[in-house]
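Peer 1: generate a structure from the sequence data that follows.
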Amino acid sequence: MSIKDGLMSMAGIFIISTAMFGCGSVGGTGSSEGGTAGLLSGNGTTAGKVGILLKDAPLADTSSISTDSPEISELWVTVNRVSLKMDSEMEDDGWLTVFEGTARYDLLSLQDNNSALMALAPVTAEFSGNYEKARLEISEIPGTNCFYSIPGGTADDPLNPCTDSDAHLLNVPSGKIDINFHPSIYLGPDTTQYIVFNLLPAESVKITDTNGVKGYLLRPVVHAYTMPSVLQDNGWDYIRVDELEGHIAEIMGCDNPDLPDTLILSPDHGGVDISIDITGTSIYLHDSDIPAACSLLQPGQELEVKFRISGDGTMTVDRIEIEDSFDKDHDMDDDLTGELISPL
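Peer 2: As a prediction, this is how the structure comes out:
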C-alpha cells in the first residue's frame, strides 16, 4: 500500500443497509455538530444513522508487513475527529463530522470480535447523498500516541498510557488519513450504515534512526469495510463492543410502564449523544451481580454499557454497569429486593 502524507487508499468496501430495532437497542441522537436534536428530517422522514467502529483485524496476507516494524504488545492511538466527504467538485464542501473529541484506544485490545464504537450519528435530509471518502484525524500532539513492546509491556495507567517510562512515544508526521470509497456510500434518511475502520498496527509503526538515535513513526495504515462485510469475512456471529462508557444525559420511561425505558448516554470520549433502549436490560453496580432498578438511574451517573452487534446490524444491550455510587442514605434492607442499591 502506498503512503503519502498520511493519505491511505482503501482495500475494498461493500455497502449494505441495515436496520436497528427491538428492545435493548442503541441509536444516535444529536446533530452533526454534536448538539442534541430530534431525529426527524425536515421533510418528516426519520433521520438515518451512520456508525463508526474501530478494529484491529489482522490481514490474511502478511507479506506486506515491513521487517523494520517493532513487536508490539499495546498500541495506543488518539483519534480527534472522523468526517465523511460527500461527492462534490469542491474539496471543502460536503463534509459531515460524525465524531469530534478525544478517543484513545489500545488497538491490540480490539482484535478477535472486539471493537470500539466511536460514533453513531444522525444523518438528516440536509446531509443525504453519496459519500466518496472518510477522513480520520489522529492527534499530532507529542505524548498522545505510543506503544509498548513484547515481551510483557503494558500501561500502568490506561487513562494516561503514554506517561510510563517504558512507553515508546510515536511521532505522527501527518494526522490526517483519507480513505477513499469505491464505490461511494449512500447516506440519508431512513437508512443506517456502519463503517468499520481497521487499523493495522504492524504496518503502521516504523522504526527510524537519525544519527544513531532510534525513534518511532506512526503512519496509520487503515482499511475500511461495512460491518456486515467484516462479520462475513471473519465468520463471527457478532461484534462485541467493550468501549462504550459515559454519563447519563437524560433518562426516560423508567417510571412510566407505557413508555420504553430509554437513556441518553454522553460518551466519555466526546461525539454526539447515543440513545439506548434499555427495556428489560440487566442493570448492576460496577463489578458486581447485585441488580439495580431502572428507576434509580439518574442524570450525571457514569455508566458502562456492554452490547453486541449482530450481522443484520441489530444492536442488543446485554448489561449496564453503574460506575459511581448511589445515595448512601438509602435503606440497605431494600437492597435484597433488587429495587435499590447502596454500597457498604
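
Peer 1: so A103 sits right up against T78, yeah?
Peer 2: Yes - between A103 and T78 there is a contact at 7.1 Å, judged by CB atoms under 8 Å. Quick note: C-beta positions are derived from backbone N, CA and C, even for glycine.

Peer 1: buried residues in the longest strand along the chain?
Peer 2: Longest strand of the chain, by residue count under DSSP state E: strand 72-86. For strand 72-86, the neighbour count (16 or more other CB atoms under 10 Å) marks 72-86 as buried.

Peer 1: note down every partner strand of it and its orientation.
Peer 2: strand 95-106 (antiparallel), strand 129-138 (antiparallel), strand 146-149 (antiparallel) (DSSP bridges).

Peer 1: export these to JSON lines and tack on mean neighbour count and distance to D156?
Peer 2: Shown next, in JSON lines, are the strands paired with strand 72-86 (neighbours: other CB atoms under 10 Å; distance: least, CB to CB, whole Å):
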{"stretch": "strand 95-106", "mean neighbour count": "20", "distance to D156": "13"}
{"stretch": "strand 129-138", "mean neighbour count": "21", "distance to D156": "23"}
{"stretch": "strand 146-149", "mean neighbour count": "22", "distance to D156": "10"}
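
Peer 1: I'd like the ones you listed as TSV, with mean pLDDT and distance to L285 appended.
Peer 2: TSV is the format used below for these (pLDDT from 0 to 100; distance: least, CB to CB, whole Å):
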stretch	mean pLDDT	distance to L285
strand 95-106	90	26
strand 129-138	93	36
strand 146-149	92	32
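
Peer 1: make JSON lines from these and add distance to D287 to it.
Peer 2: Output for the strands paired with strand 72-86, formatted as JSON lines (distance: least, CB to CB, whole Å):
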{"stretch": "strand 95-106", "distance to D287": "20"}
{"stretch": "strand 129-138", "distance to D287": "32"}
{"stretch": "strand 146-149", "distance to D287": "25"}
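
Peer 1: mean confidence score for the longest strand of the chain?
Peer 2: Averaging pLDDT along strand 72-86 yields 93.

Peer 1: hey, where'd the helices end up in this protein?
Peer 2: 201-204, 227-234 (DSSP state H).

Peer 1: S88 and L96 touch, don't they?
Peer 2: No - using CB under 8 Å, S88 is not in contact with L96, being 11.5 Å away.

Peer 1: mutual contacts of the two, please.
Peer 2: Common contact partners of S88 and L96 (CB atoms under 8 Å, 6 or more residues apart in numbering): none.

Peer 1: about what we covered before: lowest-confidence stretch among the helices of the chain?
Peer 2: Of all those, the minimum mean pLDDT falls on helix 227-234 (a mean of 63).

Peer 1: which stretches of the stretch 151-300 of the chain have low pLDDT?
Peer 2: Residue ranges of the stretch 151-300 of the chain with pLDDT under 70: 227-243, 269-271.

Peer 1: which parts of it are strands?
Peer 2: All strands of the stretch 151-300 of the chain, identified by DSSP state E, counting those that start in this stretch, fall at 168-169, 176-187, 192-199, 205-210, 213-218, 222-226, 238-241, 245-252, 262-267, 274-277, 282-285.

Peer 1: wait, which of the ones you listed is closest to L54?
Peer 2: strand 192-199 (5.4 Å; CB to CB).

Peer 1: angle of the closest one against strand 72-86?
Peer 2: Put simply, strand 192-199 runs at 140 degrees to strand 72-86, going by axes from the mean of the first three to the mean of the last three CA atoms, to 10 degrees.

Peer 1: listing partners with orientation, what would you give for strand 192-199?
Peer 2: In its sheet, and by DSSP bridges, strand 192-199 pairs with strand 48-55 (parallel), strand 222-226 (antiparallel).

Peer 1: what's the farthest-apart pair in the buried residues of strand 72-86?
Peer 2: S73 and M86 (39.6 Å).

Peer 1: what is the neighbour count of the closest residue in space to C254 that isn't next to it in sequence?
Peer 2: Closest residue to C254 apart from its sequence neighbours, by CB to CB, 6 or more residues apart in numbering: C294 at 3.9 Å. Residues within reach of C294, counting by other CB atoms under 10 Å, total 18.

Peer 1: can you tell me how far C294 is from T281?
Peer 2: Using CB to CB, to the nearest Å, C294 is found at 8 Å from T281.

Peer 1: shared neighbours of the two, anything?
Peer 2: D261.

Peer 1: do you know the pLDDT at G6?
Peer 2: pLDDT, read off for G6, is 28.

Peer 1: on that earlier part again, D289: which of the strands paired with strand 192-199 is closest?
Peer 2: strand 48-55 (28.8 Å).

Peer 1: got the angle between that closest one and strand 176-187?
Peer 2: Going by the same axes, to 10 degrees, strand 48-55 makes 140 degrees with strand 176-187.
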